[in-house]
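Novice: What would the 3D arrangement of this be:
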Amino acid sequence: MVNWVGKLIGLLMCLQCVTQLHGMFMKFTNVTCESKDFSKSRVEYCEVKTLGKNKNSIRLRYSMLQPVFDNIGFHFQLMTKGSESVDGTPNWQPFLYAVNLDMCRFWKNRHNHLAKMVFEFIEGHSNLNHSCPYTKEKFISIDDVTNTEVSSMIRGIPMAKGFYSLFTRWSTENITRVLTNFYFEVLSV
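Specialist: Numbering: from 1, shown residues only. Now for the predicted structure:
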């Protein structure tokens with residue numbers, strides 16, 4: 001009986017390793033946060049946190065200095081890293097088309113499938129989870145989204161090994177208020 005249980009545990013561990021090796025695996029490399037209007041918001045923290053050899057997470061938090069009632073815009077685009085420019089800075093190129101959302105409308109009916117997938121990455125890790133207005137929030141945060149969670153969610157998406165970024169821009173009244181960029185590397189597919 002003991003021998004059979006040991007073999008079963010070994011087999012399950014082996015299957016997990018094969019899935020990890022042959023499934024898509026990504027790792028966060030950086031996150032940048034910038035408040036463009038200090039009267040509306042400020043960055044409290046913005047970091048990639050190392051949790052282990054192959055595991056890390058993203059944490060960020062913006063203090064909200066004024067309530068946001070409506071007219072919230074969200075722009076995002078997935079980019080891939082191209083060759084470096086002459087001065088050594090990365091040359092980011094579009095990987096997917098850009099998406100512009102009216103967030104008050106999106107939070108009501110989740111009408112955009114690509115945006116729905118992006119927001120599923122942070123589900124349970126953020127207070128960005130209700131419709132407008134945002135009047136009582138003192139901050140907007142995303143906490144402890146791990147690369148292993150995201151890796152399991154993006155399996156099946158055709159992405160080659162390499163460096164990627166999700167560039168995001170939040171606006172109110174058609175004025176950019178916050179820029180947040182998430183950088184990651186696809187290590188295996």
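Novice: Can you list the residue ranges for strands in this structure?
Specialist: Counting by DSSP state E, the chain has strands at residues 25-35, 41-52, 55-64, 72-81, 92-94, 99-102, 139-146, 162-172, 175-188.
Novice: Tabulate those strands in TSV, adding columns for mean pLDDT.
Specialist: Converted to TSV, those look like this (pLDDT from 0 to 100):
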stretch	mean pLDDT
strand 25-35	96
strand 41-52	96
strand 55-64	95
strand 72-81	93
strand 92-94	91
strand 99-102	92
strand 139-146	93
strand 162-172	94
strand 175-188	94
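Novice: Generate JSON lines for the ones you listed, with mean neighbour count as supplementary columns.
Specialist: Where you see a C-beta, it was placed from the backbone N, CA and C, and this is true even at glycine. JSON lines is the format used below for those (neighbours: other CB atoms under 10 Å):
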{"stretch": "strand 25-35", "mean neighbour count": "18"}
{"stretch": "strand 41-52", "mean neighbour count": "15"}
{"stretch": "strand 55-64", "mean neighbour count": "19"}
{"stretch": "strand 72-81", "mean neighbour count": "18"}
{"stretch": "strand 92-94", "mean neighbour count": "13"}
{"stretch": "strand 99-102", "mean neighbour count": "16"}
{"stretch": "strand 139-146", "mean neighbour count": "18"}
{"stretch": "strand 162-172", "mean neighbour count": "18"}
{"stretch": "strand 175-188", "mean neighbour count": "18"}
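Novice: I'd like those as TSV, with distance to Ile154 appended.
Specialist: Shown next, in TSV, are the strands of the chain (distance: least, CB to CB, whole Å):
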stretch	distance to Ile154
strand 25-35	7
strand 41-52	17
strand 55-64	14
strand 72-81	11
strand 92-94	18
strand 99-102	16
strand 139-146	12
strand 162-172	10
strand 175-188	9
